[in-house]
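Chemist: have a look; sequence and predicted model below, questions after that.
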Amino acid sequence: MAFQSPAPSSVRPRKSAAVVIFLCFLAIVFDGYDLVVYGAIVPKLLAYKPWGLTPVETGAIGSYALAGMFIGAILIGYLTDIVGRRKVMMASIAAFSLLMLLTAWAPSPELFGLFRFLAGLGLGGVIPTAIALTVEFSQSHRRNFNNALMFSGYAVGGILAALLSLAFLSSLGFQGMLALGGIPLVVVVPLLFKLLPESPAYLAARGDRAQAEQIIADYGLEPLPPVRAAGDAPEKGRFRTLLTGKLLVATILFSLAGICGQTLVYGLNTWLPQLMVIAKYSLASSLTFLLTVNIGAVVGVLVSSRMADKFGPRNVTAISFACSGVALVLMGTGIMPLFAMYFLVAVVGFGSVGAQILVNGFVATYFSGATRATALGITLGVGRIGAVLAISGGGVLVAAALGNFINFSIWAVAAAIGVVAILAVPRRSATADEDASAPAAASNTIPH
């Protein structure tokens, strides 16, 4: 039995959906901080004599958090569709923050790696939850833009990590920089407890019609598309729904695009400072390039997400992947003047972090509310394979000393595969499959 939420009235909403998006933004800031701060501290880890780490070992340790995020994104993304977005968001951030503090105090590289892995479990649950909430609290013509705005917190966290590293890495060391990752426990979690509502899409899928409609009215949200009664989706199973028919093909291709996007994001943000040092730039200049990557990501994706809302996310996402691939090849030629290198690095930021943000938005508007967080968890979780390979493989690449052209242009392969995967995602019609209408499919403003 399906129901349709009533259309929002002309009464002004009592609460602002912008608050929800801002809270998700804050949560994502610390995901970006964790990623980029590790890249910033890699030279310090390599120089830390008590541990005597090699580039390959440092890359492997860096990948442990991504392995945790692989598991966390899939399992916690699934739990989000079962127990609710609000509880999962608070629990994930609290766990991640505590484990970042333990990582900072780790007495050995073995415990350092273990705590990185466990922190990744918590962090892996934050991203699909934040994306699902942002899409569900956005008007249909702003879903990609609001998702990009929220997810720009990822790049803002990267910018914050680069700036703080430039200012304090020499005095605080890598331990102090990691300890700053515990801040969300005392800043973000209390705000979430006080201000974050539950997802009306989750409540509707669970059968709590009255509460879902109340939140829709409070925040002035668009009506939910028709959904099944509370017992229908669980009887079929969310994973089974996503792994049958056209949705199976889409899930595989989105996962492949996620692997490519996260290969670029995590590989470059982790190893770019070291690659620039190898290319004869100073460590301070290398951290400035890292800052430029994330500034390019913020500026570029805010523009491209507007285009995605207007023209559809498919082609815009493919173009962003292509831009990063071309920029990386040009960087590897070694003939670019300094100002051109900064521009190319900014383009890489747009085409790596920006492309991944657009992929996430495409997934969130492609699948229905009942399976959205599960789909995001699968595609983000599987995408961590690329992150793990990139971080550990980057260490192998640095140790191999293959030269600047290979060091930069090899990452362009991931960008090329990302273009193909996104363009191959099957198109959906309003009645294409049995997984209830996705919000984007129900809206003519977001063609696929």
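Modeler: It's in. Numbering: from 1, shown residues only.
Chemist: every contact and neighbour count from this point should use C-alpha atoms.
Modeler: Noted.
Chemist: please save the CA atoms from stretch 198-206 in PDB.
Modeler: Extracted in PDB, the C-alpha atoms of stretch 198-206 (Å, rounded to 0.1, in the frame of the first residue of the first chain):
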ATOM      1  CA  GLU A 198      15.300  12.300  11.300                       C
ATOM      2  CA  SER A 199      15.000  11.800   7.500                       C
ATOM      3  CA  PRO A 200      11.300  11.800   6.400                       C
ATOM      4  CA  ALA A 201      12.200   9.400   3.600                       C
ATOM      5  CA  TYR A 202      13.500   6.900   6.200                       C
ATOM      6  CA  LEU A 203      10.400   7.500   8.400                       C
ATOM      7  CA  ALA A 204       8.100   7.000   5.400                       C
ATOM      8  CA  ALA A 205       9.800   3.800   4.400                       C
ATOM      9  CA  ARG A 206       9.400   2.600   8.000                       C
END
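Chemist: buried residues in that stretch, which are they?
Modeler: Neighbour-count burial for stretch 198-206, counted by 16 or more other CA atoms under 10 Å, picks out 198, 199, 200, 201, 202, 203, 204, 205, 206.
Chemist: buried residues in the longest helix seen in the chain?
Modeler: Across the chain, the helix with the greatest residue count (assigned by DSSP state H) is helix 143-179. Within helix 143-179, the residues that count as buried by 16+ other CA under 10 Å are 143-163, 165-166, 169, 173-175, 177-179.
Chemist: which helices and strands sit right next to the next helix or strand after that helix?
Modeler: Downstream of helix 143-179, the first helix or strand assigned by DSSP states H and E is helix 184-195. Where contact means 3 or more CA pairs under 8 Å, 6 or more residues apart in numbering; DSSP states H and E, helix 184-195 is packed against helix 17-47, helix 85-104.
Chemist: the shortest one - what's its average pLDDT?
Modeler: Pointing back at helix 85-104 there. Helix 85-104 carries an average pLDDT of 91.
Chemist: correct me, but residue 71 touches residue 381?
Modeler: Yes. The pair residue 71 / residue 381 is scored as a contact, 6.4 Å apart, by CA atoms under 8 Å.
Chemist: more neighbours, these two?
Modeler: Neighbours were tallied for residue 71 and for residue 381 using other CA atoms under 10 Å; the higher tally belongs to residue 381 (30 against 23).
Chemist: for the more buried one, give me its contacts.
Modeler: With contact set as CA atoms under 8 Å, 6 or more residues apart in numbering, residue 381 has these partners: 69, 70, 71, 72, 73, 74, 124.
Chemist: quick check: closest non-adjacent residue to it.
Modeler: Closest residue in space to residue 381, ignoring its immediate chain neighbours: residue 70 at 4.1 Å, by CA to CA, 6 or more residues apart in numbering.
Chemist: element containing the one you found?
Modeler: Using DSSP H and E, residue 70 falls in helix 55-83.
Chemist: buried residues, that helix. List them.
Modeler: Neighbour counts over helix 55-83 (16+ other CA under 10 Å) mark 55-82 as buried.
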